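Visitor: this is the structure alone, sequence omitted:
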């Protein structure tokens, strides 16, 4: 990934010890999606997709007759952890729509 002024006119290829390094637009580092435009759209989209799939399981638990205490435990441990992961890093740069 290339940041800064080289992004407008990138070199043909980057080599380290004779190995060509692939350039990418976005990558995942420690669970946080980082893009070359330094915006959080990729991370927010990936987090929303993950939360949506986990909310489906919460819906199934609700239908199965579990108590509200069990729902809350599932929410805090399985869903909220995904929502809050990395928010210290990116929250101050999110748009209002992304934050919502």
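Guide: Here it is on my side, so go on. Not measured: the values here are computed from a predicted model.

Visitor: from residue 42, how far out is residue 26?
Guide: 5 Å (C-beta to C-beta, to the nearest Å). Every residue, glycine included, has its C-beta placed from N, CA and C.

Visitor: and the two? which has more neighbours close in?
Guide: Taking neighbours as other C-beta atoms under 10 Å, residue 26 and residue 42 compare with residue 42 leading, 18 against 14.

Visitor: one step back: what is in contact with residue 26 and residue 42 at once?
Guide: Here residue 26 and residue 42 have 33-35 as joint contacts, going by C-beta atoms under 8 Å, 6 or more residues apart in numbering.

Visitor: which helix is the longest one in the chain?
Guide: helix 41-63 (DSSP state H).

Visitor: all helices of this protein, in order?
Guide: 41-63, 68-74, 80-84, 87-90, 96-99.

Visitor: of those helices, which is nearest residue 9?
Guide: helix 41-63 (23.7 Å; C-beta to C-beta).

Visitor: quick one: average pLDDT of that closest one?
Guide: Taken as a whole, helix 41-63 has a mean pLDDT of 85.

Visitor: do the same with stretch 14-22
Guide: 82.

Visitor: buried ones in that stretch?
Guide: For stretch 14-22, the neighbour count (16 or more other C-beta atoms under 10 Å) marks no residue as buried.

Visitor: neighbours around the closest residue to residue 50 other than its chain neighbours, how many?
Guide: What sits nearest to residue 50 in space, not counting adjacent residues and going by C-beta to C-beta, 6 or more residues apart in numbering, is residue 82, at 5.1 Å. Burial of residue 82 is recorded as 17 neighbouring residues (other C-beta under 10 Å).

Visitor: give me every residue that touches residue 82.
Guide: By C-beta under 8 Å, 6+ apart, the neighbours of residue 82 are 47, 50-51, 54.

Visitor: most neighbours of all those residues, which one?
Guide: The most crowded member of those, judged by other C-beta under 10 Å, is residue 47 (22 neighbours).

Visitor: residue farthest from the centroid of this protein?
Guide: residue 18 (32.5 Å; C-alpha atoms, centre = their mean).

Visitor: that concludes my questions; thank you for your assistance.
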